[in-house]
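Enquirer: Just to be clear, the model below is a prediction. Sequence and coordinates:
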Amino acid sequence: MANTKEIQNRISSIQDTMKITRAMYMMSSMKLRKAKQKLEDTLPFFESTQRAIAETMAHFPDIRSIYFDNRIKDEQETVKKKGYIVMTGDKGMAGAYNHNAIKEASALIDDPKSEDYTMFVVGEVGRAFFIGQGYHVDENFRFSANNPSIHRARVITEYIIDLYLKEELDEVYIIYTKMLNSIAEETNVERILPFKPHKSMQEEFEMKLAGVKKREDEAHHIETLNSYEEEAMETGDDWYEFYPSPRRVLERLVYNFVTGFTYGALVECSASEENARMLAMQSATDNAEAILHELSIEYNRVRQAAITQEITEVIGGAKALKKKKEKKKQQAR
């Protein structure tokens, strides 16, 4: 059994650790609020860009573009060169946040059906893991996961689209973590390039829009969606006038869409990481409090045993001294 000094040292160490976990919890809480606000500010831009692309393709369904993988050359390709943008954190102590993203990316790449690939890793945790495991990671792609900004999203977009236009990549996927609520997160895999056919894109967009509007005001959404469909049927292809050309407009929309999606994913990951870190720090603090409670009981038990032993020794010494005195008295008589 440990002595009181050792237990006191353990208690002091755990109390110092609790100060760190509580401070990290407070910092993550503030960062989470900022990330949520950024995410709310991003949604309108992302939705409007997605709608513009869907409407453009609805009016020009026969347009063939590298961004839609519907060219004859694209249809004849048998092996697709895939790019995976994997978003992780720059540091640990965030529960299973980094592990889940790494696990999802590893499962996609380690699949026997996996084709030629290149990984573009955001965050030092994922970069260190994949490089250490020998995966094909783009060494020139170095971006931090902290404090996401629209500038960083634009730089990432330009880098990825440049490789895509050079046909060094045929498909681009983004792997990121989405926060469902304060206690649940999920890792998503989305293909951002090339786009899906215009019909499926428009249907998917309307489904997403329906979900958002339903949470806000279901009746208002139905009325808006019906009026949108009626206007589309009445106006037809005269709805918009494109300048300088639909293809140039589409190219600009593609940059905006990929930038918006990338920025949204960065913000989602930032919010998810801080939320996961809050939960981890709260759990660590609770466990530390439980350990302190047990150590306090053990300390009191050891201390009480030490006091009892001292009392017993004092009493035993007193009895021995008394017996010695009585023995001397008897000998004197």
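Expert: Yep, it's here.
Enquirer: low-confidence ranges in this structure?
Expert: Scanning the chain for pLDDT under 70 picks out 1-2, 56-62, 69-78, 112-114, 196-243, 246, 333.
Enquirer: just checking, what packs against the biggest helix by length in the chain?
Expert: The longest helix of the chain (DSSP state H) is helix 246-332. The helices and strands touching helix 246-332, judged by 3 or more CB pairs under 8 Å, 6 or more residues apart in numbering; DSSP states H and E, are helix 4-59, strand 82-87, helix 97-109, helix 150-165, strand 171-179, strand 185-193. Any C-beta I mention is one placed from the backbone N, CA and C, and that applies to glycine too.
Enquirer: now those as a markdown table including mean neighbour count?
Expert: What follows is the helices and strands packed on helix 246-332, written out as a markdown table (neighbours: other CB atoms under 10 Å):
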| stretch | mean neighbour count |
| --- | --- |
| helix 4-59 | 16 |
| strand 82-87 | 24 |
| helix 97-109 | 19 |
| helix 150-165 | 17 |
| strand 171-179 | 22 |
| strand 185-193 | 17 |
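Enquirer: closest to Arg247 out of those?
Expert: Arg247 sits nearest to helix 4-59 of all the helices and strands packed on helix 246-332, at 9.8 Å, using CB to CB.
Enquirer: thinking in terms of the whole chain, how far from its middle is the closest one?
Expert: 9 Å (CA atoms, centre = their mean, to the nearest Å).
Enquirer: Now do it and helix 150-165, the angle between them.
Expert: In terms of direction (axes from the mean of the first three to the mean of the last three CA atoms, to 10 degrees), helix 4-59 departs from helix 150-165 by 60 degrees.
Enquirer: and the angle from helix 4-59 to strand 171-179?
Expert: Going by the same axes, to 10 degrees, helix 4-59 makes 130 degrees with strand 171-179.
Enquirer: And for Lys81, the neighbour number?
Expert: For Lys81, the neighbour count with other CB atoms under 10 Å is 17.
Enquirer: from memory it sits against Tyr164, does it?
Expert: No - if you go by CB atoms under 8 Å, Lys81 and Tyr164 don't touch, sitting 9.7 Å apart.
Enquirer: returning to what we had before: make JSON lines from the helices and strands packed on helix 246-332 and add distance to Val254 to it.
Expert: Formatted as JSON lines, the helices and strands packed on helix 246-332 follow (distance: least, CB to CB, whole Å):
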{"stretch": "helix 4-59", "distance to Val254": "7"}
{"stretch": "strand 82-87", "distance to Val254": "15"}
{"stretch": "helix 97-109", "distance to Val254": "24"}
{"stretch": "helix 150-165", "distance to Val254": "7"}
{"stretch": "strand 171-179", "distance to Val254": "11"}
{"stretch": "strand 185-193", "distance to Val254": "8"}
